[in-house]
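Undergrad: sequence plus predicted model, see below.
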Amino acid sequence: MNSAAGAQVIVKIVGGLGNQLFCYAAARRLALRTGAELVLDVDFFRSDVRYERDYRLDMLALGPHRVARSARWLPRSLDLRWWRVKRRMALLGWSPGVEAVIERDAKQFHDELLRKAVSGKVLLDGYWQDERYFEDIRPTLLQELVPRVTPVGRNAALGEQLRQGRTAVVHCRRHHHRLADGSRQQPRGREGLTAAYYQRAIQELRVTAGVDAVCLFGDDPGWLEQNVPANVPRTVVDWNRDPGGEVLDLWLMTQARHFVVSNSTLSWWGAWLAAAPGARVIAPRRQDLEYWVPNARDWQEIEW
């Protein structure tokens, strides 16, 4: 489909790496379908006082795009408020020259995005956490969502082990908000995924996929290590701690063939981007947790 001259798909990139990937993938699909220029708006990261995330997509081999960023003149907390005001203005249609497509409810699928025409500037503002927004460009994303620099050393060696298919990736998300003292806060509402969930999922992969070892990822891999069945060899992946280390963790996860995912966008992408034939993914059935991403349609869901 040809797009009008000067047509742009502008997408607000927000959150951690997993969320950034969802934003990019949905916008990339729309830009590809319509022939529009893809623009990544990264202003969110200049004022993310809650999580202190950083823009990480620049570490990946993305397709054609332009990055839009502007200087911050206000204190960070006020700048974040101004960012939210601008979002509200877009929601009300007060952004001259820009058609805003706002995801009003992140838990609802907005199928109109799949058919969206782009004749000028279209702004996407949302998380777009559903594979249906981009599953038809999966081959493209498999080529683009890889590190720009080839992993080496310990990561390269573990990647080779994972590609053998006998070691499963297991990911946990235990903590959420960063408090003023730097500590992490447990999620509101129901407790996180239980030890029983991980034990049941690992056993399922041992029986049905011949898995005989696990690699443990997440924000509390020590907790995972304590709850993995004692007779299962494990590797705790906790060495990618430099800024951007999550990109290397993501790459490592994509090298595996079998997965136990958590309510984490990063583990979601690790499993979804794995291109090995015969991949098996165990995922928790829909969770009443503060954060939840719909599972891909071919994943095996189990109770937790």
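TA: Nice, thanks for sending it over. Residues are numbered from 1 along each chain as shown.

Undergrad: my read: Leu80 touches Asp48, true?
TA: Yes - the criterion here is CB atoms under 8 Å, and Leu80 meets it with Asp48 at 7.2 Å. All C-beta spots, glycine's among them, are computed from the backbone N, C-alpha and C.

Undergrad: can you identify the element that follows the longest helix that the chain contains toward the C-terminus?
TA: Of all segments of type helix in the chain, defined using DSSP state H, the longest is helix 17-34. Scanning forward in sequence from helix 17-34 by DSSP states H and E, the next helix or strand is strand 37-41.

Undergrad: mean confidence score for that following strand?
TA: If you average the pLDDT over strand 37-41, you get 97.

Undergrad: off-centre distance for the next helix or strand after it?
TA: Using DSSP H and E, the helix or strand that follows strand 37-41 in sequence is strand 66-68. Centroid separation for strand 66-68 versus its chain: 20 Å, with CA atoms, centre = their mean, to the nearest Å.

Undergrad: just the buried residues of strand 66-68, please?
TA: Using 16 or more other CB atoms under 10 Å as the test for burial, strand 66-68 gives no buried residues.

Undergrad: state the distance from Leu273 to Trp299.
TA: Using CB to CB, to the nearest Å, Leu273 is found at 13 Å from Trp299.

Undergrad: partners of the helix or strand harbouring Val214, with directions?
TA: Using DSSP H and E, Val214 sits in strand 213-218. If you go by DSSP bridges, strand 213-218 pairs up with strand 167-172 (parallel), strand 234-236 (parallel).

Undergrad: and the angle for the next helix-or-strand element following the shortest one with strand 213-218?
TA: Okay, so that is strand 234-236. Sequence-wise, the next helix or strand downstream of strand 234-236 (DSSP H and E) is helix 245-254. Orientation of helix 245-254 against strand 213-218 (axes from the mean of the first three to the mean of the last three CA atoms, to 10 degrees) gives an angle of 150 degrees.

Undergrad: and the contacts of helix 245-254?
TA: For helix 245-254, contacts defined as CB atoms under 8 Å, 6 or more residues apart in numbering pick out 16-17, 56, 59-60, 146-147, 151, 155, 158-159, 162, 169, 171, 215, 217, 237, 240, 259, 266-267, 269-271, 273-275.

Undergrad: just checking, what packs against whatever helix or strand comes next after that helix?
TA: Scanning forward in sequence from helix 245-254 by DSSP H and E, the next helix or strand is strand 258-260. For strand 258-260, the packing partners by 3 or more CB pairs under 8 Å, 6 or more residues apart in numbering; DSSP states H and E come out as strand 167-172, helix 195-209, helix 265-272, strand 280-284.

Undergrad: Gln129 is nearest to which of those?
TA: helix 265-272 (6.9 Å; CB to CB).

Undergrad: report the angle between the closest one and helix 17-34.
TA: Using the same axes, to 10 degrees: helix 265-272 against helix 17-34 is 60 degrees.

Undergrad: off-centre distance for helix 265-272?
TA: 6 Å.

Undergrad: just stretch 297-304 next, same as before
TA: Distance of stretch 297-304 from the chain centroid (CA atoms, centre = their mean) equals 18 Å.

Undergrad: list the contacts of that stretch.
TA: Applying CB under 8 Å, 6+ apart, the contact partners of stretch 297-304 are 131, 193-194, 196-197, 200-201, 204, 261, 271, 280-287, 295.

Undergrad: so where's this structure shaky on pLDDT?
TA: Applying pLDDT under 70 to the chain flags residues 1-4, 49, 176-191, 287-290.

Undergrad: picking up where we left off before, and the strands paired with strand 213-218, which is most packed in?
TA: strand 167-172 (a mean of 26; mean count of other CB atoms under 10 Å).

Undergrad: nearest to Glu52, out of the helices and strands packed on strand 258-260?
TA: Comparison of the helices and strands packed on strand 258-260 against Glu52 by CB to CB identifies helix 265-272 as nearest, at 16.2 Å.

Undergrad: which elements pack onto the closest one?
TA: Going by 3+ CB pairs under 8 Å, 6+ apart, helix 265-272 lies up against helix 17-34, strand 167-172, strand 213-218, helix 245-254, strand 258-260.
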